[in-house]
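*Asks:* Predicted model and sequence below, questions to follow.
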Amino acid sequence: MVLAMATAAIVQASPQARATKPPAKRTSQAFTCVAELGMGVASRRRFCDVMVATGGADSILVTIPPHTGTATLMFDLHNRFNVPTGQVDPAQAFVRHVAVVSVLRQTGELIERAAVTRDYRTTADLFDRIAGATRGSAPKAIAPGAPQAIRVTIPVGVTAAGIVGTRLEEWRAAGRGAFDLPGRPIAIVSNVRMEYTPK
């Protein structure tokens, strides 16, 4: 009798437990990129330049499928290094980059900023090389530094978010520079994805 009552309680509780279970989240990896760099030689990742801009037209645009509540934008942010050709003394090749990017609403309003800072001395400081334009050609001179994982909460009601460049600060043996002119590439992104709860 006790066993029968316990079984009945479990059967009655199961529908309620199922009803309160939160909807499963999904992840979208679809995005558009104004300035494609190409595919990673080792990682096979898709790399995109982040351009200094103030609006979505020049951004890396991530559209969120129909969803409820907030969403989460995730991407890897890399410093954008120009790799010297030939043998170069690491002291002469040294460069330090601090790149700041902004995540914007479709209207251009700021959601959040993110930054990455890395040093370059030798190719050992790179995350990957980007494949050349043709099969068998040398990798591109531009390469991504080690990644910084970024997570940004996208507010309720926002259906798309754009990643744009804000400012680059650069240190070399010869001195320091800062760059924020529109249209200048200042960083690289990869592994872009959006996590959301579908309607």
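*Replies:* Yep, it's here.
*Asks:* where in this protein is pLDDT low?
*Replies:* Confidence mapping of the chain against pLDDT under 70 gives the ranges 1-20.
*Asks:* Report the central residue of it.
*Replies:* Most central residue of the chain, judged by C-alpha distance to the mean C-alpha position with CA atoms, centre = their mean, is Phe75 at 2.4 Å.
*Asks:* my read: that one touches Ile163, true?
*Replies:* Yes - with contact defined as CB atoms under 8 Å, Phe75 and Ile163 form a contacting pair (6.9 Å). For the C-beta atoms, the positions are set from N, CA and C on the backbone; glycine is no exception.
*Asks:* Can you check which residues contact both of those two?
*Replies:* Overlap between the contact sets of Phe75 and Ile163, as judged by CB atoms under 8 Å, 6 or more residues apart in numbering, is given by 189, 192.
*Asks:* can you give me the strands for the chain?
*Replies:* Secondary structure of the chain (DSSP state E): strands located at 26-28, 36-39, 46-51, 60-63, 67-82, 95-104, 110-120, 142-144, 148-154, 160-172, 175-179, 185-198.
*Asks:* Thr134: which of the ones you listed is closest?
*Replies:* Between Thr134 and the strands of the chain, the tightest spacing by CB to CB is seen for strand 36-39, at 11.1 Å.
*Asks:* quick revisit: if I look at the residue lying closest to the residue nearest to the centre of the chain once chain neighbours are set aside, how far off is Gln29?
*Replies:* Nearest residue to Phe75, sequence neighbours excluded (CB to CB, 6 or more residues apart in numbering): Val192, at 4.4 Å. As defined by CB to CB, to the nearest Å, Val192 lies at a distance of 7 Å from Gln29.
*Asks:* So which of those two has more stuff around it?
*Replies:* Regarding Val192 and Gln29, a neighbour count based on other CB atoms under 10 Å identifies Val192 as having more, with 22 against 11.
*Asks:* who touches that one in this structure?
*Replies:* Counting by CB under 8 Å, 6+ apart, Val192 makes contact with 29, 31, 48, 60, 62, 73-75, 163.
*Asks:* 10 Å instead?
*Replies:* Contacts here follow CB atoms under 10 Å, 6 or more residues apart in numbering; on that basis Val192 touches 28-31, 33, 45-46, 48, 60-62, 73-76, 150, 163.
*Asks:* Check Ala93 too.
*Replies:* Counting by CB under 10 Å, 6+ apart, Ala93 makes contact with 81-84, 87, 120-123, 125, 172-173.
*Asks:* Thanks a lot, see you next time.
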